[in-house]
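Novice: Quick one: sequence and predicted model below, then my questions.
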Amino acid sequence: MLLARFVLLLNLVVLGSFGSGAPGPVAQVDYFADNGYGNPVGTLQHPAVEHYQGVTYVAYQGPHEDPYVAAYVHATGRWLGPVQAGVSLMGKAPDQIDPGELDNHGKPALVVDRQGYIHLVFGSHGGDPKNGKNPLGAFFMGTKGKMTHAVSVKPGDISAWRVVDNIPAFGTYNQWVKLANGDLYLFYRHGGHRSDWVYQKSVDDGRTFAAPVSVLKHKVSAASRTIDDSWYAWFDVGQGDTITASYVYHPCADPKHNAHRQNVYFMQMAARTGGWTNVQGERLTLPVTKEAADKLTLVEATGTVKSTHGTCHVDTAGRPHLAFPVGHELHYYRWDGQAWQKPVVIGAGQGRVDDGDFIIDSPLHVRMILGQTREGANDISWWETTDGGLTWAKGAPLIASKELSFTPSAIARNAHPDAVMLLASRSSTEPHLYRRMFLVGGQGPLGRPAAEAGHLGNRLEQIKSLPPPSLAKAEAKRKKKAGLSDDDL
Ligand code: ZN
């Protein structure tokens, strides 16, 4: 029944009448904006959503791959924005209709500082050689753009933004970690994929950042001179002032490239000292090498089965739980204090379950928000375990549709129960790359009047004259990229 209800909600519904005595229906839609563009959100560039003092702020990739910000005021149920918050140097004009023309790596990550200023980092895929030499990585396979830091001009106000030139140009997969005391950590890969993963710490609300500290080391592999050690990592706040890192290894073929990823790893930092340890508490030397990772931080060895970066949180005992795609499965891992529990396939036998993010209520009780396509319908739903992940039950959908499929963000920082995750939708019937954006939680999607949700202006007119996507070119690109997706470079 719930499923049917939310499918219905995706269509226009009529709610009451206009105010000020003018009779007539107000068309309400379930999305808050229609100008997501390409792949507007992902779990890797995170968080894209933060709840702060009664307002949920969201950031996503809009037209021209520029960052856009909107805000939902919970007390009034009103939306503000979206507002363009900066310019990505990777965008092409006019907007493209061929997905192969987009880079999609510069999605914004968002954080609100102690004073209420909203910060974004966006706009880069490893930086551009014209920005100078990269001391911690390499330009490789089309690295471009410039990692850009934009801050709201006023606290709690998304209407105006300024660029602060205080971070390197070379980042990719920008991620913000905010500790309870307000210290900010900006994590990212310092260049093309043959680059270190680093963090920069700010103790003054993003006015200044300490120099990058390498966490994961890129280097020529000890196993083969034609392999470069490369990584894909996900960082988040752990218990107290710890920061977790969960990651996969990419044996990058040199000089060519390959799509393989393998294994799942975990480690953590005590922010007070900057010291890193494995899950058993053994000290790690930075930057962590492939050899050290294999010996000290391995969660699962996947061998020839491809793993993909996932998400990780810790429970009240400070023990990590992870959800990582492995092959066509989604694997759940939990450290029980002594060992990693045997990996569990979430939704085994129920079709493919896509990656997502999760909330730990207690060590044995975990709720995930995951996507699934079954019998021609797409849904983003709760999945729950009450036995420490041994079994999982699919629960209520947050949104479902036959026409639209959905791409999730990571879960909101300090999430309000009504606004847990940002979703970008895709309709296979639409010949353009604009996406409807949804904010979902316990009440279903937080929509708004249709007249407020349209933000494309004349963009559909502007792109009308573009030639249709070239299938031959797309095929050539596909072969060149050897089946790589956005996050593979
Ligand atoms: Zn590679």
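Specialist: Nice, I can see it.
Novice: Hmm, W340 and G389 touching each other?
Specialist: No: contact status for G389 versus W340: not in contact, 11.1 Å apart, counting by C-beta atoms under 8 Å. Yep, even glycine has a C-beta here, placed from its N, CA and C like the rest.
Novice: The residue of the chain found nearest the ion: what's it in contact with?
Specialist: Closest to the ion within the chain is C252: 3.0 Å, counting by C-beta to the ion. Contacts for C252 (C-beta atoms under 8 Å, 6 or more residues apart in numbering) come out as H193, R194, I227, D228, D229, S230, N258.
Novice: Separate out the buried members of those residues.
Specialist: Those of the contacts of C252 that meet the buried threshold are H193, R194, I227, D228, D229, S230, by 16 or more other C-beta atoms under 10 Å.
Novice: Tell me which of G389 and W340 has more neighbours.
Specialist: Neighbour totals were compared for G389 and W340, and G389 leads with 23 against 17 (other C-beta atoms under 10 Å).
Novice: So which residues of the stretch 301-450 of the chain form strands?
Specialist: With DSSP state E, counting those that start in this stretch, the ranges of strands along the stretch 301-450 of the chain come out as 311-314, 320-326, 329-334, 344-345, 357-362, 365-374, 377-385, 393-401, 404-408, 421-427, 434-441, 444-445, 448-449.
Novice: On the three-state scheme, H64 is what?
Specialist: helix (DSSP: H, G, I helix; E, B strand; the rest coil).
Novice: re the thing from before, from the buried ones among the contacts of C252, which two are the most distant?
Specialist: Using C-beta to C-beta, the pair of these lying farthest apart is H193 and I227, separated by 12.6 Å.
Novice: and the buried ones among the contacts of C252 as JSON lines, adding distance to the ion, pLDDT and secondary structure?
Specialist: What follows is the buried ones among the contacts of C252, written out as JSON lines (distance: C-beta to the ion, whole Å; pLDDT from 0 to 100; DSSP: H, G, I helix; E, B strand; the rest coil):
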{"residue": "H193", "distance to the ion": "5", "pLDDT": "83", "secondary structure": "coil"}
{"residue": "R194", "distance to the ion": "7", "pLDDT": "91", "secondary structure": "coil"}
{"residue": "I227", "distance to the ion": "9", "pLDDT": "94", "secondary structure": "strand"}
{"residue": "D228", "distance to the ion": "7", "pLDDT": "94", "secondary structure": "strand"}
{"residue": "D229", "distance to the ion": "10", "pLDDT": "96", "secondary structure": "strand"}
{"residue": "S230", "distance to the ion": "5", "pLDDT": "95", "secondary structure": "strand"}
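Novice: who touches the residue lying closest to H190 once chain neighbours are set aside in this structure?
Specialist: Counting by C-beta to C-beta, 6 or more residues apart in numbering, H190 lies nearest to L136, which is 4.0 Å off, once chain neighbours are set aside. Residues near L136 by C-beta under 8 Å, 6+ apart: F170, H190, G191, S195, D196, V198, P212, S214.
Novice: go again using 7 Å as the cut-off
Specialist: Contacts for L136 were tallied using C-beta atoms under 7 Å, 6 or more residues apart in numbering; they are H190, G191, S195, D196, V198, P212, S214.
Novice: Tell me which entries of those residues lie within strands.
Specialist: Counting by DSSP state E, these place V198, S214 in strands.
Novice: most surrounded residue in the contacts of L136?
Specialist: The most neighbours of any of the contacts of L136, using other C-beta under 10 Å, belong to S195, which has 29 neighbours.
Novice: Quickly list what it is bridged to.
Specialist: Under DSSP bridges, the beta-bridge partners of S195 are G137.
Novice: so what's it up against?
Specialist: For S195, the contact set (C-beta under 7 Å, 6+ apart) comprises L136, G137, A138, R189, H218.
Novice: right, and A396 touches W382 too?
Specialist: Yes: using C-beta atoms under 7 Å, A396 is in contact with W382, at 5.7 Å.
Novice: So which of those two has more stuff around it?
Specialist: A count of neighbours by other C-beta under 10 Å puts W382 above the other of A396 and W382, at 19 against 16.
Novice: so what's the nearest residue to the more buried one once chain neighbours are set aside up against?
Specialist: Nearest residue to W382, sequence neighbours excluded (C-beta to C-beta, 6+ apart): G395, at 3.9 Å. With contact set as C-beta under 7 Å, 6+ apart, G395 has these partners: S381, W382, W383, E384.
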